[in-house]
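Visitor: What follows is a protein structure lacking sequence information:
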C-alpha cells in the first residue's frame, strides 16, 4: 500500500490558522507571542519616557501635578487649580497614585511605568476577546498585535491619566461579557466607574443593547439573566459615581449650552474647541464630533472590507462562520452612538461626546480588521490548496510571511513610536531654582513654560493655559480674571499697577520670557491667545513700541536669568518707590 501523500503546505497553514476554533495546547504559544510583542512595544515606550528626567506626558500637567500633595501636604495650599483637578480625579485613579506614593514612588515616576503595565493588561484581555470572537488563536495573536500598535499610536495610554485605563478595563469587560461571566462584568464595570467613568457608561450601554435581539425585527430578549446583570451593573455604577459628582459640584454648576456658545473658549480657536461653523468640524472632527477615523496603523482600513467580503461566501466562508462571534461589535457601536447623542443632549454633563466614539472606534475597527485579515488569509490558502501545485503554496506562504513581518515591524518604520505626546522640559536650571524655593511660593507668568512648573517643580503657578479649562464657571471665571490682571500688569508702564497685582495675587516670583515684549508674542503664548479671545480690545501682549516697566526690570529684582527667562523677586519689586515709567499703549 503506497504511503499517503504529504499534506499540501497551504492545507497545513490553514490548519495552523485553526479557523474552526478547535481547542488544543497551542493557545499559550500564540498568547505568549502576542504578549512578547506587547512587551516589546512597552519597552520602546519606557525608553521614550525615561529619555530625560524632565520627560512627561502632556496631560500630566493637568491631572497629575496636584498629586505631589501625597508626598508633601503643604504643597499647593490655596491653589484653586490643584483643588479643582483633585476634585475631578476619579477615586480609583487617585487611590492608585496615593498607594504608589505611600510606597515611595512619586507620581511623575509612576506615570511613566503605569502605561507599560496597562498595555500588557490590555493586550492579554484583548487576546481573549479576539480568541472568542474570531475563533482562531493565530488571528487573535495577529489582532492583538494590531491592537497594541493602535493604543501606542495615540496619547491616551501614555498619558497615565484616567482615560489611559479605558483600553485595559474595556477589553476586560468585553472578555467577561463574551464569556458570560457575571462576576467579571460587574467587577470590571465597578473598576471603570472608579478609574474612568465614561468607560463604565459605555459598558452599561453595551449591556443595555444586549437586552435586544434582532429576529424579524427588534425585540426584547426573554433571558432574565441579562436584565439582572444590567440592573446590578447600573446600581454599582451609580453607587461609585455619586461621591464623584458631589466632589465636582463644589465648584458650582457646569457651564450651560447658551453660555458655552457665547464663550470664545469653546470656539474653533479656544481652549476646548467645540462649536464650529463647519458642519464637518462640528459633527466629525471636533470635540463634539464622532471624531476622524484613525488611520494608523493602516491595517485599520481593511475593516471596511467586511461588508464586501460577506457578499462572497464561497470565497471567504470564514466570515459566515463567525456571525454570532462578532455580536459584541454592533452592541459597542450602538452604545457609543447612543452615548454620543445623549452627551449632546446633556451637554458637558457626560463630558465630551467624542470620548464615547473615539476609543470605541479603535476597538471595533481592530476586531473587524482582524476578522477580515483572517478571511483574506484563509481565502488565499484555499485558492493555493485548490490549485494543487506546491509552488503556489510556497508563494502564498512567502507572501504571508512578508506581510506578517511588515505588520510586526511597522513601529520600527515610523519616525517616532510610540506617538504618545511625551514632552521634555528643557530648562533644568529654571526648574532647579524654583525647586529650591519654599513650598508655599506663588509664581505669576504668561510664559508657556510656566505650565510645566507645578509638575516639575511642585510649585504653584497662579494661572496657566493648561489648567484654564472653562467647564465650571465657578472655577474658570475667577482664574481668567486673575490672568487678565497679570497680563495688564506685565504690559503696564506704571509700577503702581504691577505692585497692586503683586499684592492682590500674593505673588512671590514673576517668571518673564525675554521675548514677551515682541509684537507677536501674544501669538506664541497660549494663555495670551486665550485671554485675547475674551478681551480683544485690551492690550494683552502687543506693546507696539511702548516701553513697559517689566521690559527693563531693575537689576536688583532679578534673582535668576538665562538666555530665555528672567525671574523677578516680588518683594524687591514691592520695595521700589512707585512711579510711572512708560504708558502702555492699547492696540
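Guide: In hand now; what should we look at? It should be emphasised that the depicted structure is a prediction, and the values quoted were computed from it without experimental measurement.
Visitor: Give me the below-cutoff pLDDT ranges for the protein.
Guide: Within the chain, the stretches with pLDDT under 70 are 1-26, 292-295, 321-326, 385-393, 397, 535-546, 578-587.
Visitor: residue nearest the centroid of it?
Guide: Taking Cα atoms, centre = their mean, the centroid of the chain lies closest to residue 156, which sits 2.7 Å from it.
Visitor: Could you double-check that it lies in contact with residue 360?
Guide: No - counting by Cβ atoms under 8 Å, residue 156 sits too far from residue 360 to count as a contact (12.0 Å). Using the backbone N, CA and C atoms, a C-beta is placed for each residue, glycine as well.
Visitor: where along the stretch 151-300 of the chain do the strands fall?
Guide: Assignment of strands within the stretch 151-300 of the chain using DSSP state E, counting those that start in this stretch yields the ranges 212-214, 218-220.
Visitor: Out of those, which one sits most buried?
Guide: Among the strands of the stretch 151-300 of the chain, ranked by average contacts under mean count of other Cβ atoms under 10 Å, first place goes to strand 212-214 (a mean of 11).
Visitor: So which residues of the stretch 101-250 of the chain form helices?
Guide: Here the stretch 101-250 of the chain has its helices, by DSSP state H, counting those that start in this stretch, at 107-134, 137-152, 155-158, 166-179, 182-195, 197-209, 224-248.
Visitor: Out of the ones you listed, which gets nearest to residue 576?
Guide: Judged by Cβ to Cβ, the one of the helices of the stretch 101-250 of the chain that comes nearest to residue 576 is helix 107-134, at 37.5 Å.
Visitor: now that closest one: how far from the chain's centre is it?
Guide: Taking the mean of its C-alpha atoms, helix 107-134 sits 14 Å from the chain's own mean (Cα atoms, centre = their mean, to the nearest Å).
Visitor: Could you give me the buried positions within it?
Guide: Of all the residues in helix 107-134, those buried under the rule 16 or more other Cβ atoms under 10 Å are 107-108, 110-116, 118-134.
Visitor: That one packs against which elements?
Guide: With contacts defined as 3 or more Cβ pairs under 8 Å, 6 or more residues apart in numbering; DSSP states H and E, helix 107-134 has these neighbours: helix 27-49, strand 55-57, helix 91-102, helix 137-152, helix 155-158, helix 166-179, helix 328-345, helix 358-387.
Visitor: Distance to residue 408 added to these, as CSV?
Guide: Output for the helices and strands packed on helix 107-134, formatted as CSV (distance: least, Cβ to Cβ, whole Å):
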stretch, distance to residue 408
helix 27-49, 7
strand 55-57, 26
helix 91-102, 32
helix 137-152, 6
helix 155-158, 19
helix 166-179, 20
helix 328-345, 25
helix 358-387, 13
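Visitor: Please determine how far residue 39 is located from residue 562.
Guide: The gap separating residue 39 from residue 562 is 41 Å, by Cβ to Cβ, to the nearest Å.
Visitor: just so I know, which of the helices and strands packed on helix 107-134 lies nearest residue 319?
Guide: Here helix 358-387 is closest among the helices and strands packed on helix 107-134 (Cβ to Cβ), at 5.0 Å.
Visitor: circling back: dump the helices of the stretch 101-250 of the chain to JSON lines, plus distance to residue 96.
Guide: Formatted as JSON lines, the helices of the stretch 101-250 of the chain follow (distance: least, Cβ to Cβ, whole Å):
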{"stretch": "helix 107-134", "distance to residue 96": "8"}
{"stretch": "helix 137-152", "distance to residue 96": "19"}
{"stretch": "helix 155-158", "distance to residue 96": "15"}
{"stretch": "helix 166-179", "distance to residue 96": "12"}
{"stretch": "helix 182-195", "distance to residue 96": "8"}
{"stretch": "helix 197-209", "distance to residue 96": "15"}
{"stretch": "helix 224-248", "distance to residue 96": "15"}
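Visitor: Quick one: closest of those helices to residue 416.
Guide: Closest of the helices of the stretch 101-250 of the chain to residue 416 is helix 137-152, at 10.7 Å (criterion: Cβ to Cβ).
Visitor: What values do phi and psi take at residue 566?
Guide: Main-chain dihedrals, residue 566, degrees, to the nearest 10: phi -130, psi 130.
Visitor: Can you give me the neighbour number for it?
Guide: Residue 566: 18 surrounding residues under other Cβ atoms under 10 Å.
Visitor: so how far is residue 552 from it?
Guide: 11 Å.
Visitor: Ok, residue 27 next?
Guide: The value you get for residue 27 to residue 552, if Cβ to Cβ is used, is 72 Å.
Visitor: more crowded one of those two?
Guide: Between residue 27 and residue 552, residue 27 has the larger neighbour count (other Cβ under 10 Å), namely 15 against 11.
Visitor: Quick check: the more buried one touching residue 137?
Guide: Yes - contact between residue 27 and residue 137 holds when scored by Cβ under 8 Å: they sit 5.0 Å apart.
Visitor: Mutual contacts of these two, please.
Guide: Residues touching both residue 27 and residue 137 by Cβ atoms under 8 Å, 6 or more residues apart in numbering: residue 131.
Visitor: okay, how far is it across stretch 297-304, tip to tip?
Guide: End-to-end distance of stretch 297-304 (Cα to Cα, to the nearest Å): 14 Å.
Visitor: Need the contact partners of it.
Guide: Residues outside stretch 297-304 that contact it (Cβ under 8 Å, 6+ apart) are 146, 149-150, 153, 293-295, 364-366, 368-369, 372-373, 376, 407, 410.
Visitor: ok, residue 254 to residue 245 distance?
Guide: Distance, residue 254 to residue 245, by Cβ to Cβ: 11 Å.
Visitor: Residue 559 should be in a strand, yeah?
Guide: Yes - residue state for residue 559 (DSSP: H, G, I helix; E, B strand; the rest coil) corresponds to a strand.
Visitor: okay, now it: neighbour count?
Guide: Using other Cβ under 10 Å, residue 559 has 14 other residues around it.
Visitor: Out of the helices and strands packed on helix 107-134, flag the one nearest residue 277.
Guide: For the helices and strands packed on helix 107-134, the distance to residue 277 is smallest for helix 328-345, at 17.3 Å, taking Cβ to Cβ.
Visitor: That closest one - contacts with which helices or strands?
Guide: Using 3+ Cβ pairs under 8 Å, 6+ apart, the elements in contact with helix 328-345 are helix 107-134, helix 166-179, helix 197-209, helix 358-387.
Visitor: The ones you listed: which one's closest to residue 425?
Guide: Comparing those against residue 425 with Cβ to Cβ, the closest turns out to be helix 107-134 (10.8 Å).
Visitor: Return the residues in contact with residue 562.
Guide: Here residue 562 is in contact with 427, 429, 430 (Cβ under 8 Å, 6+ apart).
Visitor: Distance of the last one relative to residue 559?
Guide: So that's residue 430. Taken as Cβ to Cβ, the span from residue 430 to residue 559 is 11 Å.
Visitor: same question, the first one
Guide: Residue 427 sits 15 Å away from residue 559, taking Cβ to Cβ as the criterion.
Visitor: same deal with residue 169?
Guide: For residue 169, the distance to residue 559 equals 47 Å [Cβ to Cβ].
Visitor: circling back: and of the helices and strands packed on helix 328-345, who's closest to residue 452?
Guide: Among the helices and strands packed on helix 328-345, the nearest to residue 452 by Cβ to Cβ is helix 107-134 (11.2 Å).
Visitor: now that closest one against helix 91-102, angle please.
Guide: Counting by axes from the mean of the first three to the mean of the last three Cα atoms, to 10 degrees, helix 107-134 points 130 degrees away from the direction of helix 91-102.
Visitor: now the angle between helix 328-345 and helix 107-134, please.
Guide: Between helix 107-134 and helix 328-345, the angle comes out at 130 degrees (the same axes, to 10 degrees).
Visitor: And for the residue nearest to residue 201 when sequence neighbours are not counted, the neighbour number?
Guide: Leaving aside its chain neighbours, residue 201 sits nearest to residue 339 (5.9 Å; criterion: Cβ to Cβ, 6 or more residues apart in numbering). Residue 339 is flanked by 21 other residues according to other Cβ under 10 Å.
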